[in-house]
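Asks: sequence? don't have it. structure:
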């Protein structure tokens, strides 16, 4: 079993490669958001000033708001987790796409898989964006009130959520294309079990996107 590099020119491979890169950027930029996220200290005070203990510098949030890492937010951890999971899954598909004599995937399974990944990625974007856009109110040794957004100075977290949204759209597109291919097969127009990774021949109709 060898590699067929010519398959890298297919539209399906290119879309998978874009999804792989987008997933990589999604979790890499979020995981780089260390000690630049604003947070309300009230919850941390109840836990004896837990992990978010370092005061922010004057150019980050405010000098009276504490810093947190992305790992202190469950929603941001979920964004990283989804980015890693999709990245590994798509990388596996890319390798399988290049292998000779590989059995084609059933488009119905592809549709279900891409749909689930798309749904989970969309949820990750929604909960991450909600936390990122939320504001915190905190005052320390002063009557002044501060309400910075969680991602006020966290450019990495903001970029991660943007790419998470793009990743959702790409996965949704793959799901739609898989569904169309499956419907064509069900109607008997594609001459048998022909998925994204199977070559066409004779008078068979090619998959929607290969």
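Replies: Happy to help now that I have it. Source: prediction; values computed, not measured.

Asks: can you tell me the closest non-neighbouring residue to residue 83?
Replies: residue 27 (2.9 Å; Cβ to Cβ, 6 or more residues apart in numbering). (C-beta placed from N, C-alpha, C; glycine too.)

Asks: could you pull up phi and psi at the closest residue to residue 8 other than its chain neighbours?
Replies: Leaving aside its chain neighbours, residue 8 sits nearest to residue 98 (6.6 Å; criterion: Cβ to Cβ, 6+ apart). With angles defined as degrees, to the nearest 10, residue 98 sits at phi -90, psi -10.

Asks: could you measure from residue 98 over to residue 23?
Replies: 19 Å (Cβ to Cβ, to the nearest Å).

Asks: quick one: which of these two has more around it?
Replies: residue 23 (28 against 16; other Cβ atoms under 10 Å).

Asks: residue 86 is in contact with the more buried one, correct?
Replies: Yes - counting by Cβ atoms under 8 Å, residue 23 does reach residue 86; the two are 4.2 Å apart.

Asks: okay, and the common contacts of those two?
Replies: Shared contacts of residue 23 and residue 86, defined by Cβ atoms under 8 Å, 6 or more residues apart in numbering, comprise residue 167.

Asks: what about the longest helix belonging to the chain, average pLDDT?
Replies: Identified as the longest helix of the chain according to DSSP state H is helix 155-186. Helix 155-186 shows a mean pLDDT of 91.

Asks: try stretch 74-92
Replies: For stretch 74-92, the per-residue pLDDT values average out at 94.
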